[in-house]
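Student: Below are the sequence and a predicted model; questions follow.
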Amino acid sequence: MFRKTTGAILCPSCGRLTNADAPVCLVCGRRNPGMWGFGGPLARLFRSWNFANAVTAACIGLYVVSLVFDPRGALAPRGPFEIFSPTGRALEALGMTGSVAWLEGRWWTLLTAIYLHGGVLHILFNVLWIRQLGPEVEKLYGPARLVVIFTVSGAAGFVVSNSIGVPFTIGASGAIFGLLGAIVAFGRKRGGVFGQMVLRQYGQWALVLFVLGFFMPGVNNWAHAGGFAGGFASGLLLSLAEHRTETVLDKLLAAAALALTVAGFFLALWTAFTG
């Protein structure tokens with residue numbers, strides 16, 4: 001069964017046996033360890049998947065969809081760096097964000113635009129960094145907190161760039177800077193030799209990547225800055241998580257982030273075809 005509301009379960013906090021309908025865990029005292037039957041399924045979900053792989057698949061899948069959506073436009077002869085680039089019409093239908101979408105009240109584009117990309121080099125660069133940084137953040141914070149940090153950072157980056165007035169923007173780079181920000185926050189709060197090593201290495205990466213953004217055309221540096229700030233703030237709230245098992249609240253927040261993102265794509269397509 002999907003939900004287990006009676007009988008023995010593993011507490012999502014301490015991992016010890018307790019009762020699904022117990023008001024508190026019999027071992028660690030966590031309130032409502034069964035979470036109305038959803039505690040176990042949520043724990044199994046975030047133990048069995050790899051978020052970096054999921055994001056990679058989502059980005060590649062949506063990139064292919066954006067090309068198929070308007071194939072003649074995507075294959076139209078343009079510059080060498082714009083080969084196989086989705087058209088603005090396709091990206092807008094799938095949830096591109098920017099100040100235009102912001103003024104029209106399409107809040108969901110803050111989430112959907114994270115997974116959209118404008119060309120082969122764009123998606124290749126971002127996917128490589130996601131696969132590099134995602135597992136590192138997961139080691140430090142846990143899989144559910146990784147989902148929260150990635151989503152919050154990506155949305156925060158677009159909030160900043162949309163507020164500044166960038167008309168159209170897409171990509172996971174704001175979320176990627178958020179992953180860097182979370183690792184930097186962990187190193188800063190952890191301290192000691194290990195914390196200093198983490199802070200120095202990933203802080204240098206963030207600085208170099210941010211500076212390089214000013215020498216590359218079409219880069220949304222406002223989203224990078226906002227994403228880093230969002231990741232850093234999220235990281236400070238969740239730092240030293242290596243000493244604390246992920247809670248049911250962490251898993252619920254991650255599930256909510258994923259559900260809002262999926263709902264955002266439904267809203268984007270609904271608006272594109274019925275609006």
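Tutor: Nice, I can see it.
Student: Only C-alpha atoms from now on, for both contacts and neighbour counts.
Tutor: Noted.
Student: ok, now which ones touch residue 227?
Tutor: The contact partners of residue 227, by Cα atoms under 8 Å, 6 or more residues apart in numbering, come to 153-158, 173-178, 181.
Student: what about 6 Å?
Tutor: Contacts were defined as Cα atoms under 6 Å, 6 or more residues apart in numbering; by that measure residue 227 touches 153, 154, 156, 157, 174, 175, 177, 178.
Student: Provide the secondary structure category for the second one.
Tutor: Three-state secondary structure (criterion: DSSP: H, G, I helix; E, B strand; the rest coil) places residue 154 in helix.
Student: Can you tell me the closest non-neighbouring residue to it?
Tutor: residue 175 (3.9 Å; Cα to Cα, 6 or more residues apart in numbering).
Student: and that neighbour, backbone torsions?
Tutor: Note on residue 175: its backbone torsions stand at phi -70, psi -40 [degrees, to the nearest 10].
Student: Let me see the mean pLDDT of stretch 65-81.
Tutor: Averaged across stretch 65-81, pLDDT comes to 77.
Student: and what of stretch 125-144?
Tutor: In the prediction, stretch 125-144 has an average pLDDT of 92.
Student: got the CA coordinates for that stretch in CSV?
Tutor: Output of stretch 125-144 as CSV, limited to C-alpha atoms (Å, rounded to 0.1, in the frame of the first residue of the first chain):
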residue,chain,number,x,y,z
PHE,A,125,27.4,23.7,-19.8
ASN,A,126,24.6,23.7,-17.3
VAL,A,127,24.1,20.0,-17.1
LEU,A,128,27.8,19.4,-16.5
TRP,A,129,27.8,21.8,-13.6
ILE,A,130,24.6,20.3,-12.2
ARG,A,131,26.1,16.8,-12.3
GLN,A,132,29.3,18.2,-10.7
LEU,A,133,27.7,20.2,-7.9
GLY,A,134,24.4,18.3,-7.2
PRO,A,135,26.1,15.3,-5.6
GLU,A,136,28.3,17.5,-3.5
VAL,A,137,25.3,19.4,-2.1
GLU,A,138,23.5,16.1,-1.5
LYS,A,139,26.4,14.8,0.5
LEU,A,140,26.4,17.9,2.7
TYR,A,141,22.7,18.5,3.1
GLY,A,142,20.8,15.4,2.0
PRO,A,143,18.7,14.7,-1.1
ALA,A,144,15.5,16.4,0.0
